[in-house]
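Peer 1: how does the following fold in three dimensions:
(chains A and B)
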Protein chains: 2
Amino acid sequence: MSLDHQAALKKMKERVDRELIDYFNTTTSLVSDPVCKMVYQHIKDFTMNGGKRLRPILVVLGHDLFAPSDERVYRAAISIELTQTYLLIHDDIMDQSEVRRGKPSLHVAVRNEISRITQDAKRISENIAIIAGDLADSYAHQALLTCGLPPQETMDANLELSRIIEMTGYGQLIDINSSYDEDFSQSDLMRLHLLKTAKYTIEGPLKMGALLSGTKQNIKPLSYYGTLLGTAFQLHDDILGLFGEEEKTGKSIKSDVNEGKKTLLMLKAIELAPEKDSIFIRDCLKSGNVSDNDFKRVQDIVMNSGSYDYSRKLMTKMIEKSREYLGQVNGDGSIKEFLSWLASYIIERSN
Amino acid sequence: MSLDHQAALKKMKERVDRELIDYFNTTTSLVSDPVCKMVYQHIKDFTMNGGKRLRPILVVLGHDLFAPSDERVYRAAISIELTQTYLLIHDDIMDQSEVRRGKPSLHVAVRNEISRITQDAKRISENIAIIAGDLADSYAHQALLTCGLPPQETMDANLELSRIIEMTGYGQLIDINSSYDEDFSQSDLMRLHLLKTAKYTIEGPLKMGALLSGTKQNIKPLSYYGTLLGTAFQLHDDILGLFGEEEKTGKSIKSDVNEGKKTLLMLKAIELAPEKDSIFIRDCLKSGNVSDNDFKRVQDIVMNSGSYDYSRKLMTKMIEKSREYLGQVNGDGSIKEFLSWLASYIIERSN
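Peer 2: This is a model prediction of the structure:
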């Protein structure tokens, strides 16, 4: 059964990829200046280089819950993937990340290209990347607005897309703030997860899809499903960040700690562990570069304090609760079954 | 007559300002976290601090050409002013500008606020400003999408807004490229003006308004009017930049030369002047800091080579031609008269 679902997921991903390629190929001709062509190509390469395409797939599923499949939904759905391109390009500038999905981040790719013609390549390539992100955002809106579905439905979905971008922005601000806010609390963190992950990755895309279907059904239970699953998704991500396998997660096991990320695992360990251990964790989060031994001790404290169990249990409870809400959704049975499977898939994945 | 028009312009500006304030006041409540509130307030202050509101006024005029006045158009129209906020915030990061409209630019205002709580205030405030720009963009789309006009018209206008943002992005890329492109030509420059000024400042807003009216009239002549007027607007801007009064333009008379701006005045002077003078101008554009004497010589070369006359004549011809196209617009007579007056106003302004 789960094999079938996995095959279906793969098929949808390929369909999304085709739609993205098609979008880029049909809009290319608008760009004639060499510098614009260069940046356009980088945006295209960046977008086509991997990604699970979970968000556009959720747009399609959100639609198909309430209406028969419609090829035009794929054109609308890639808007959220182009939004992802937009936000990741800006993120990489902000974090000064050199690598994204195993390749140079966009500003680095541009820098490599222009470094032979200008001395100020670092600054200029970051400026070009700010514009590249803004361009990807305009492509996102255009893909959605030209999808060919009825105007009211398209407009509703576009409003939701704009709100997703807004909420994600607030989430990013809270995230930046968290690193120098000594009083950053668990409720702040949950709000951060809600805005930056749950809305953006799961609930928003599902809602966009539901709005595109034009359904008159109550879509609140679907939103609750998405919010709970999205938060669980983030908790699982944090667990992978601290206990996952580097080869599968694709990032250094120590990076979350070195970045000073105040995950629920950390906050709860600080709360539950003996004072000496709490102080040790706080110090590690500030150090920027923990040793292997210190990292091992952080893992042990998270385990022994009960913080790991707390996150796991909360995650499991959220998944259960999300399924309850899914049960209340008045939509297509096979899609509901697929979404129920997806809930397990998302928190059992190892990357 | 022109006094009446000026009074009408002032009244429309005030109406736009009220709509902006109203928009910010009714959306404020969505933001609860202190860091989000802080950034929201900065976006609001930045937006409310001045600006001629020419773009939203053109949206309203574009609409009123083809349909009776409608208060909802103002809500739609502020989307282009919020877009201006978005682009200027990002521009100021890119240019490392400390000042905008006589006040600190947004990243500087944020930096001033956070410098007591973090050592890394410069980087963090620029990151926050990238997000602030992205937020302003999402506000722009939301203002338009919630204006209450019919879905098809609203959607068409939003597609045009997205295209304006896209074209402006290409214009910015060409602009960045121009500073280190030795072969930057007059036709490159005209394309830059078309994308970065004519589309963004005049033609795009007018077209957005026309689309909001839902007119079935041919709007191409209106687009031509806007494109020509917009390009003339930029030529006039460049003349003010080199020969205007600092107190009125609000910027150093030498700044265009110091920034190495390849305006038509410069390109044409390089083409027409004796070789010695051409080389002198090229050198000044690269120097980054011209002396008063050298600046005076640049002005003289532009005058004596015939470059100044060339720009003035081209501008005048474009204005004439724009009026011809305006005559072909099948729209309200008094609005057409207003737009005809506006064409003179725009190229006679001293700031």
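Peer 1: contacts, neighbours, all on C-alpha from now
Peer 2: OK.
Peer 1: please tell me how far residue A:12 sits from chain B.
Peer 2: Counting by CA to the nearest CA, to the nearest Å, the gap from residue A:12 to chain B is 27 Å.
Peer 1: what sits against that residue?
Peer 2: Applying CA atoms under 8 Å, 6 or more residues apart in numbering or on different chains to residue A:12 gives the contacts residue A:57.
Peer 1: element containing it?
Peer 2: Here residue A:12, judged by DSSP states H and E, is contained in helix A:2-27.
Peer 1: now that helix: average pLDDT?
Peer 2: For helix A:2-27, the mean pLDDT works out to 93.
Peer 1: now the strands for chain A?
Peer 2: Counting by DSSP state E, chain A has these strands, from start to end: A:99-100, A:103-104.
Peer 1: how about TSV for the ones you listed, with mean pLDDT and mean neighbour count added?
Peer 2: Shown next, in TSV, are these (pLDDT from 0 to 100; neighbours: other CA atoms under 10 Å in any protein chain shown):
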stretch	mean pLDDT	mean neighbour count
strand A:99-100	88	15
strand A:103-104	92	14
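Peer 1: now for those strands, which one comes closest to chain B?
Peer 2: Closest to chain B of those is strand A:99-100 (CA to the nearest CA; 18.2 Å).
Peer 1: how far off centre is the closest one?
Peer 2: Counting by CA atoms, centre = their mean, to the nearest Å, strand A:99-100 is centred 15 Å from the centre of its parent chain.
Peer 1: distance to residue B:268 for the strands of chain A - can I get that in CSV?
Peer 2: Shown next, in CSV, are the strands of chain A (distance: least, CA to CA, whole Å):
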stretch, distance to residue B:268
strand A:99-100, 44
strand A:103-104, 41
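Peer 1: could you dump those strands to TSV with distance to chain B?
Peer 2: Shown next, in TSV, are these (distance: least, CA to the nearest CA, whole Å):
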stretch	distance to chain B
strand A:99-100	18
strand A:103-104	20
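Peer 1: residue B:38: which of the ones you listed is closest?
Peer 2: Nearest to residue B:38 among those is strand A:99-100 (30.6 Å), distances taken as CA to CA.
Peer 1: can you list the strands that the closest one pairs with?
Peer 2: strand A:103-104 (antiparallel) (DSSP bridges).
Peer 1: quick one: contacts for residue A:287?
Peer 2: A:258, A:260.
Peer 1: tell me which residue is most central in chain A.
Peer 2: residue A:201 (4.8 Å; CA atoms, centre = their mean).
Peer 1: what sits against that residue?
Peer 2: Residue A:201 neighbours (CA under 8 Å, 6+ apart): A:54-55, A:230.
Peer 1: export these to a markdown table and tack on neighbour count, distance to chain B and pLDDT?
Peer 2: Formatted as a markdown table, those follow (neighbours: other CA atoms under 10 Å in any protein chain shown; distance: CA to the nearest CA, whole Å; pLDDT from 0 to 100):
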| residue | neighbour count | distance to chain B | pLDDT |
| --- | --- | --- | --- |
| A:54 | 18 | 22 | 95 |
| A:55 | 23 | 19 | 97 |
| A:230 | 30 | 20 | 96 |
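Peer 1: out of these, which are inside helices?
Peer 2: Mapping the contacts of residue A:201 onto helices (DSSP state H) picks out A:54-55, A:230.
Peer 1: chain B contacts on chain A?
Peer 2: A:33, A:35-36, A:90, A:94, A:117-118, A:124, A:127-128, A:130-132, A:134-135, A:138-139, A:141-142, A:145, A:151-152, A:155, A:158-159, A:162-163, A:165-166, A:169-170, A:172-174, A:176-177, A:180 (CA under 8 Å from any CA of the partner chain).
Peer 1: residue A:323 contacts residue A:340, correct?
Peer 2: Yes. If you go by CA atoms under 8 Å, residue A:323 and residue A:340 touch, sitting 6.4 Å apart.
Peer 1: between these two, who's got more neighbours?
Peer 2: residue A:323 (25 against 19; other CA atoms under 10 Å in any protein chain shown).
Peer 1: which residues touch the more buried one?
Peer 2: So residue A:323 contacts A:225, A:340 (CA under 8 Å, 6+ apart).
Peer 1: and for the one 5 residues further on?
Peer 2: In this structure, residue A:328 makes contact with residue A:221, judged by CA under 8 Å, 6+ apart.
Peer 1: hmm, who's touching the helix or strand bottoming out on mean pLDDT in chain A?
Peer 2: Scoring the helices and strands of chain A by mean pLDDT, DSSP states H and E places helix A:246-249 at the bottom, with a mean of 79. Contacting residues not belonging to helix A:246-249 are listed as A:240-241, A:252-253, A:350-351 [CA under 8 Å, 6+ apart].
Peer 1: what of stretch A:89-106?
Peer 2: With CA under 8 Å, 6+ apart, stretch A:89-106 has contacts from A:42-43, A:46, A:49-51, A:107-108, A:126, A:129-130, A:132-133, B:127, B:130.
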